[in-house]
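Asker: Task: produce atomic coordinates for the following.
(2 chains)
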2 protein chains.
Amino acid sequence: MAVNLEPPRPQDLLAIPGVRLGIARAGIRKPDRKDLLLIALDEGSRVAGVFTRNRFAAAPVIVCREHLEGRDPIRAIVVNTGVANAGTGKAGVEAARATCATAASLLDLESSQVLPLSTGVIMEALPVERIQAGLPACVADLSPDNWASAAEAIMTTDTLPKAVSRRVVIDGRPVTVTGISKGAGMIQPNMATMLGIIATDAAVGPDALAYLAGLSASRSFNAITVDGDTSTNDTYLLVATGKAGNPLIVGEGTAEFGKLQDAIVEVAQWLAQAIVRDGEGATKFITIVVEGGESARECLCVAKAIAHSPLVKTAFFASDPNLGRILAAIGNAGIDDLDPSRIGLSLGGVTVVEGGARAASYTEAQGQRAMKDAQIEVRVTLGRGVETATVWTCDLSYDYVKINADYRS
Amino acid sequence: MAVNLEPPRPQDLLAIPGVRLGIARAGIRKPDRKDLLLIALDEGSRVAGVFTRNRFAAAPVIVCREHLEGRDPIRAIVVNTGVANAGTGKAGVEAARATCATAASLLDLESSQVLPLSTGVIMEALPVERIQAGLPACVADLSPDNWASAAEAIMTTDTLPKAVSRRVVIDGRPVTVTGISKGAGMIQPNMATMLGIIATDAAVGPDALAYLAGLSASRSFNAITVDGDTSTNDTYLLVATGKAGNPLIVGEGTAEFGKLQDAIVEVAQWLAQAIVRDGEGATKFITIVVEGGESARECLCVAKAIAHSPLVKTAFFASDPNLGRILAAIGNAGIDDLDPSRIGLSLGGVTVVEGGARAASYTEAQGQRAMKDAQIEVRVTLGRGVETATVWTCDLSYDYVKINADYRS
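Answerer: Numbers count the residues shown, from 1 in each chain, chains lettered A, B, ... in the order given. Sure thing, here's the model as predicted:
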């Protein structure tokens, strides 16, 4: 069902020196599936995080923020699927802390050196005993070569695991970036219901790492939307182990920083786009480019208004060039002084709208051809300035409703 | 399919002295269906209007605003279904003007005394010749008793016509309010893809009428949402013919004004709720009440965030008490300083969340029972203040996707 997405081949995923991954079947919600992941980081590793802006942040997000702000370096990450531990109040925070404590004692760390991540059903109690019981199996399984299995262990309604690697040479030394992500519904910028973990062996200073985490999130996980629902649990962690032996990268503006940034953004975009390609019920992968705005922010508002419109999304599902729905969405984007007579719209390279009205050259047959592709680019010009924004989304199909109507059953 | 909605019985719809309605089958988009409505208003009538805030306002909306701002009293309304005349640029405005001109010449009026309303497919040219050819049949059909037929003539994907009447006594004189509406998709506050026309024979001054139009819209048509898409064509007209013989109602604060206001709001709410009951694919009618906000505006944001969440809507469709999705939606409503630990949630009278977490008394069985009803009330308390807001919406079903994927075919 996923749009132009293949499962990763384990041999394509490159190990990151300093990162070991262990997977277990802990029976958290369903029996006999990989549902628990432990990532152990060597001493000297640094971690930066970007989290959901949902005010109902889940307990693990609260604990992650706390531990990242603390003094102790992060040395382990525990991810469970099945139960999100959100809407669970104080008991949920206790459960997340108990998870950290068990992982810490198994790895001889402090609790505050462990980050807990959860995904799954909201408002159900975390079965913390099952997680605690499963963690020793994760420890026994720890290996640098477990990235493909780790990608499987964090899936919920995902139909495919999502993982990718890139290698660049920095200061004459090979540097590797490998990441995994999950998410298929409750997906919208800031962030998706998504967990994303990217690790590199590059040596990066703490400020540079935080900057890279924010920048790569804004160009990837925060530029995708499936259904406009921002999850309570979204977490993106960027890990740098420093094992590559390159001179420490401390700030913007150097060629080395640029190379690492490009590699991280590329991995983050691949992982984010994979979430859209595997969006619940998705049959189309849609890139929305908005140009000619006064600000990047207003371009993003227009792109999101299009990407969130159920009418636009169902038209894509039907391959129906009912493109007036895109104009209506543009008009709903909240730009008060928008001049409709300056709007242009093209679809897969076909000019549809010029000067705010149907282009004289446009024929229904052209629109129908463009709508049939599995990957479609929508390009909007606002005629107000020079800023741009890009958002990736998918269509809205019967299967989206089916998946979400059946999710818990 | 509509939720607890019956078609109006013609004998229940009360004529409004000074208002005559004529219907024709003009073959605008499909053959042999009522698709053209002419409403003729006697001399002395007043009209106030509330229109879409979509920046891509359709040509008829542009012309309506122009004619309402002009000096000539409005004496006729022409409504066509099939083609929305939106995204049609200058040619669309010309087409709307041509419609007005023909109606005016048939009724011996000026063009500027006619309001054009259109609904249907966007970005297709209005077949103005068919409208012009159909208008004489409308004139021949003019009668005060045609409200039921008028409600049919403005339908698009509606499964049922929507019309209602109320009668009140003001200053000892019976005053009647009758209205019709249409709309089933592309529906969200400000306003729905909806056309609503309410007429009364009360004598009302122009400022009071404009106030009543705005107030009744905010409590009805602007408090409903089906899919969060605001149409290009939304129009609500409030007509007062002055034939009831009551002393002129000129402002707020009198008992007479209050009575008329109540009757108009009641009719407007009935018509707006009918649109939700007949929402595309709707199987549930959901009332969302948000209380304890610092402002009505933030309560409305929370109510809309819940009402627009595809995950919440699909859970209602499935009768699945996956109520954490409502918490996630509350967290996404954009209230930066929201304290999750003060949130309460009940569903059909069952307490689900207290203090931001699952209530100790709550059982899944209670939730399942509440979710099975066709009409469900969601009540959220924010614990921040005393303001409230109410929004009406429906669920998201397979049929919503089907209807919108097939709409043009």
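
Asker: Please count neighbours and contacts with C-alpha atoms only from this point.
Answerer: OK.

Asker: Local confidence estimate at the residue of the stretch 201-350 of chain A found nearest chain B?
Answerer: In the stretch 201-350 of chain A, the residue that lies nearest chain B is A:Gly331 (4.3 Å; C-alpha to the nearest C-alpha). What the model reports as pLDDT for A:Gly331 is 88.

Asker: What distance do you get for it to A:Val302?
Answerer: 8 Å (C-alpha to C-alpha, to the nearest Å).

Asker: ok, those two, which is more surrounded?
Answerer: Counted by other C-alpha atoms under 10 Å in any protein chain shown, A:Gly331 and A:Val302 do not tie: A:Val302 has more neighbours, with 29 against 25.

Asker: A:Val380 contacts A:Cys299, doesn't it?
Answerer: No - with contact defined as C-alpha atoms under 8 Å, A:Val380 does not reach A:Cys299; the gap is 9.2 Å.

Asker: Overlap in contacts, the two.
Answerer: A:Val290, A:Glu291 (C-alpha atoms under 8 Å, 6 or more residues apart in numbering or on different chains).

Asker: mind listing the helices for the stretch 101-250 of chain A?
Answerer: A:128-141, A:147-153, A:206-218 (DSSP state H, counting those that start in this stretch).

Asker: So for the last one, what gets flagged as buried?
Answerer: Buried residues in helix A:206-218, counting neighbours by 16 or more other C-alpha atoms under 10 Å in any protein chain shown, are found at A:Pro206, A:Ala208, A:Leu209, A:Ala210, A:Leu212, A:Ala213, A:Gly214, A:Ser216, A:Ala217, A:Ser218.

Asker: could you dump the residues you listed to TSV with distance to chain B and pLDDT?
Answerer: Output for the buried residues of helix A:206-218, formatted as TSV (distance: C-alpha to the nearest C-alpha, whole Å; pLDDT from 0 to 100):
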residue	distance to chain B	pLDDT
A:Pro206	28	92
A:Ala208	27	94
A:Leu209	26	95
A:Ala210	23	93
A:Leu212	25	95
A:Ala213	22	94
A:Gly214	20	91
A:Ser216	22	93
A:Ala217	18	91
A:Ser218	18	87
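
Asker: Using TSV, please lay out the helices of the stretch 101-250 of chain A together with distance to B:Leu142.
Answerer: TSV is the format used below for these (distance: least, C-alpha to C-alpha, whole Å):
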stretch	distance to B:Leu142
helix A:128-141	72
helix A:147-153	68
helix A:206-218	60
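
Asker: pLDDT score assigned to the residue sitting furthest away from the middle of chain A?
Answerer: Farthest-out residue of chain A from its mean C-alpha position, per C-alpha atoms, centre = their mean: A:Ala360, at 40.1 Å. Note on A:Ala360: pLDDT of 91.

Asker: do A:Tyr236 as well
Answerer: 89.

Asker: Identify the residue spatially nearest to A:Met371, adjacent ones excluded.
Answerer: Closest residue in space to A:Met371, ignoring its immediate chain neighbours: A:Ser319 at 4.8 Å, by C-alpha to C-alpha, 6 or more residues apart in numbering or on different chains.

Asker: show me where the stretch 301-409 of chain A has strands.
Answerer: A:344-347, A:350-354, A:357-358, A:375-381, A:387-394 (DSSP state E, counting those that start in this stretch).

Asker: Same question for the stretch 51-200 of chain A.
Answerer: So, for the stretch 51-200 of chain A - with DSSP E, counting those that start in this stretch - the strands run A:76-83, A:114-121, A:162-170, A:173-182, A:195-200.

Asker: among those, which is nearest chain B?
Answerer: Relative to chain B, the nearest member of the strands of the stretch 51-200 of chain A by C-alpha to the nearest C-alpha is strand A:114-121, separated by 7.7 Å.

Asker: Show me what that closest one packs onto, helices and strands only.
Answerer: helix A:59-69, strand A:76-83, helix A:89-107 (3 or more C-alpha pairs under 8 Å, 6 or more residues apart in numbering or on different chains; DSSP states H and E).

Asker: what's the angle from the helix of greatest length in chain A to strand A:387-394?
Answerer: Longest helix in chain A by number of residues (criterion: DSSP state H): helix A:255-277. In terms of direction (axes from the mean of the first three to the mean of the last three C-alpha atoms, to 10 degrees), helix A:255-277 departs from strand A:387-394 by 40 degrees.
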